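Engineer: would you be able to build a 3D model of this:
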Amino acid sequence: MWDCWSVDCQAADWFSRAMEARALIGWNLRRLRVAKGLSQERLAFAAGIDRAYVGRVERGSENVTVSTLEAMAVALAVPVAALFIEPEAGAEPPMPLRAGRRAKSG
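Structural biologist: Residues are numbered from 1 along each chain as shown. Here you go, the predicted model:
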């Protein structure tokens, strides 16, 4: 068994775990947003963030702050922990909303 004790190896392992965490958050953010019928724009408005930022988070390319996670969770009416749920093995990615679909107002 190979053990990683060098600084470079540990940094690479940390980076890999950080990438996995961002992908997991993105997966759950999209899953929850689509399940609630919200567009990225509507979620962004409710959370007080930019729509493009929501897209980057969903793609796993943004390193999200705890404050932003909290704002998105509040906008989705879920606990922050819901953004960290592991998908079941073989789970399909969430389907996008149909083009032009609008969330219900109110």
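
Engineer: can you read off the pLDDT for the residue nearest the centre of the chain?
Structural biologist: With distances taken as Cα atoms, centre = their mean, the chain has residue 26 as the residue nearest its mean C-alpha position (2.3 Å). Residue 26 is assigned 94 on the pLDDT scale.

Engineer: now it: which helix or strand?
Structural biologist: Element membership for residue 26 (DSSP states H and E) is helix 7-35.

Engineer: now the residue nearest to the centre of the chain: how far from residue 40?
Structural biologist: 12 Å (Cβ to Cβ, to the nearest Å). For the C-beta atoms, the positions are set from N, CA and C on the backbone; glycine is no exception.

Engineer: now the common contact residues for these two.
Structural biologist: residue 58 (Cβ atoms under 8 Å, 6 or more residues apart in numbering).

Engineer: after the helix holding residue 26 comes which helix or strand?
Structural biologist: helix 40-47.

Engineer: quick one: the residue nearest to residue 21 when sequence neighbours are not counted from residue 78, how far?
Structural biologist: Take residue 21 and drop its neighbours on the chain: the residue closest to it by Cβ to Cβ, 6 or more residues apart in numbering is residue 84, 7.9 Å away. Separation of residue 84 from residue 78 (Cβ to Cβ): 11 Å.

Engineer: more neighbours: which of these two?
Structural biologist: residue 78 (16 against 12; other Cβ atoms under 10 Å).

Engineer: quick check: phi and psi on the more buried one?
Structural biologist: Dihedral pair for residue 78: phi -130, psi 160, per degrees, to the nearest 10.
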